[in-house]
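Novice: Model the following, please.
(chains A and B)
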2 protein chains.
Amino acid sequence: MNTIATHSQVISPRNLLKHWQGHRALTRRVIDKFTERDFFEFSLAGMRTPAQLTTELLAIGGPALKAIVERNDQPYSEAGLDLKTKADFLAKWDEETESINEFWQELTVDDFDQTFNLFGQYEFPIIENIFYFIDNEIHHRGQMYVYLRALNTEPPFFWER
Amino acid sequence: MNTIATHSQVISPRNLLKHWQGHRALTRRVIDKFTERDFFEFSLAGMRTPAQLTTELLAIGGPALKAIVERNDQPYSEAGLDLKTKADFLAKWDEETESINEFWQELTVDDFDQTFNLFGQYEFPIIENIFYFIDNEIHHRGQMYVYLRALNTEPPFFWER
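Specialist: Below is the predicted model of the structure:
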């Protein structure tokens, strides 16, 4: 990243982390709105259950950021996530919140426009990979909002972070 | 925005516009996947139809960016959007694509962390308002993905922009 480029940017690493963690806090509240049973069993239109969607989010967020910091292009995997209850998922979610906060401190400003082959498969500037994590979470959480509505459960306000 | 702050930012205005327009291109493809009838009539769980959700997106995106550039705190309104067919919506979408590209050029780097009271109601740094437009679009588009799945229609790939 050259000097001219660093002069004309619009969000700081710190504010981007705050933005991401704000979304993660909302997703946590959405997860928590499901009953134990619905979290593992409910779905619409043959799509994944909340537990399956959350597993994907857990397999990306923290692990992907760690992989970026360590420049480790290990493949995407949900294998280590042996979570049996909603409480297990929420505890893992909180663990990843801390992990993200810690690994974020290892990123320098210059890292964000460096290219990295995430999961050995997604070769993009790191800022694009991070936007992808956030966008993918919003996308799947939007689907979980429909599930909650279908279950007659009022979802949290979208703007509450 | 002081000099230190501008030195430590992670995305340029140009790349943020590209990111947003990439999402808007995907949303356009999602809109286009609905049949004329389903676009205006289908919904799940008592939620808004695709046409109603798209109306909200059209009432934010371009008009909100114009309001930011002109520092006009006019209230949010869907009143001017008298769209009768899916083709009307797509034409309006394309018009807003151009409008966003044009008004974006009026934003200076320093504008992004200035506070503005969008729609006379959302007083935040402009960068946060712009993230909100993008995130809100991803959120509602995620809901439209569920609608498409429920209609046995394959949605576009999420990563296609």
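Novice: Please make it C-alpha for all contacts and neighbour counts, starting now.
Specialist: Fine.
Novice: Torsion angles phi and psi at the residue nearest in space to the middle of chain A?
Specialist: In chain A, the C-alpha nearest the mean C-alpha coordinate belongs to A:G61, at 4.1 Å (C-alpha atoms, centre = their mean). In terms of degrees, to the nearest 10, the main-chain angles of A:G61 are phi -20, psi -90.
Novice: Just the pLDDT for it.
Specialist: Note for A:G61: predicted pLDDT of 96.
Novice: Tell me how far it lies from A:L17.
Specialist: 12 Å (C-alpha to C-alpha, to the nearest Å).
Novice: Equivalent analysis for A:W104, please.
Specialist: 8 Å.
Novice: And A:K92, by the same measure?
Specialist: 19 Å.
Novice: cool, and A:E36?
Specialist: 30 Å.
Novice: quick one: the top helix by length along chain A to chain centroid distance?
Specialist: With secondary structure taken from DSSP state H, chain A has its longest helix at helix A:126-150. With C-alpha atoms, centre = their mean, to the nearest Å as the basis, helix A:126-150 stands 8 Å off its chain's centre.
Novice: So which elements touch that helix?
Specialist: helix A:13-33, helix A:50-69, strand A:115-118, helix B:126-150 (3 or more C-alpha pairs under 8 Å, 6 or more residues apart in numbering or on different chains; DSSP states H and E).
Novice: A:I130 is nearest to which of the ones you listed?
Specialist: helix A:50-69 (7.9 Å; C-alpha to C-alpha).
Novice: Just after the closest one, pick out the following helix or strand.
Specialist: Next in sequence after helix A:50-69, counting helices and strands by DSSP states H and E, comes helix A:86-104.
Novice: Which strands and helices lie in contact with that following helix?
Specialist: Partner elements for helix A:86-104 (3+ C-alpha pairs under 8 Å, 6+ apart): helix A:13-33, helix A:50-69.
Novice: Compute the inter-axis angle for that helix and helix A:13-33.
Specialist: Put simply, helix A:86-104 runs at 180 degrees to helix A:13-33, going by axes from the mean of the first three to the mean of the last three C-alpha atoms, to 10 degrees.
Novice: then helix A:86-104 to CSV, C-alphas only?
Specialist: The C-alpha coordinates for helix A:86-104 follow below in CSV (Å, rounded to 0.1, in the frame of the first residue of the first chain):
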residue,chain,number,x,y,z
LYS,A,86,-27.4,-24.1,22.1
ALA,A,87,-25.4,-23.2,25.2
ASP,A,88,-22.4,-24.9,23.6
PHE,A,89,-22.8,-22.7,20.5
LEU,A,90,-23.2,-19.5,22.5
ALA,A,91,-20.1,-20.4,24.6
LYS,A,92,-18.1,-21.0,21.4
TRP,A,93,-19.5,-17.8,19.9
ASP,A,94,-18.1,-15.9,23.0
GLU,A,95,-14.8,-17.7,22.7
GLU,A,96,-14.5,-16.6,19.1
THR,A,97,-15.4,-13.0,20.0
GLU,A,98,-12.3,-12.9,22.2
SER,A,99,-10.2,-14.7,19.6
ILE,A,100,-11.2,-12.1,17.0
ASN,A,101,-10.4,-9.2,19.3
GLU,A,102,-7.0,-10.7,20.0
PHE,A,103,-6.0,-11.7,16.4
TRP,A,104,-7.3,-8.3,15.1
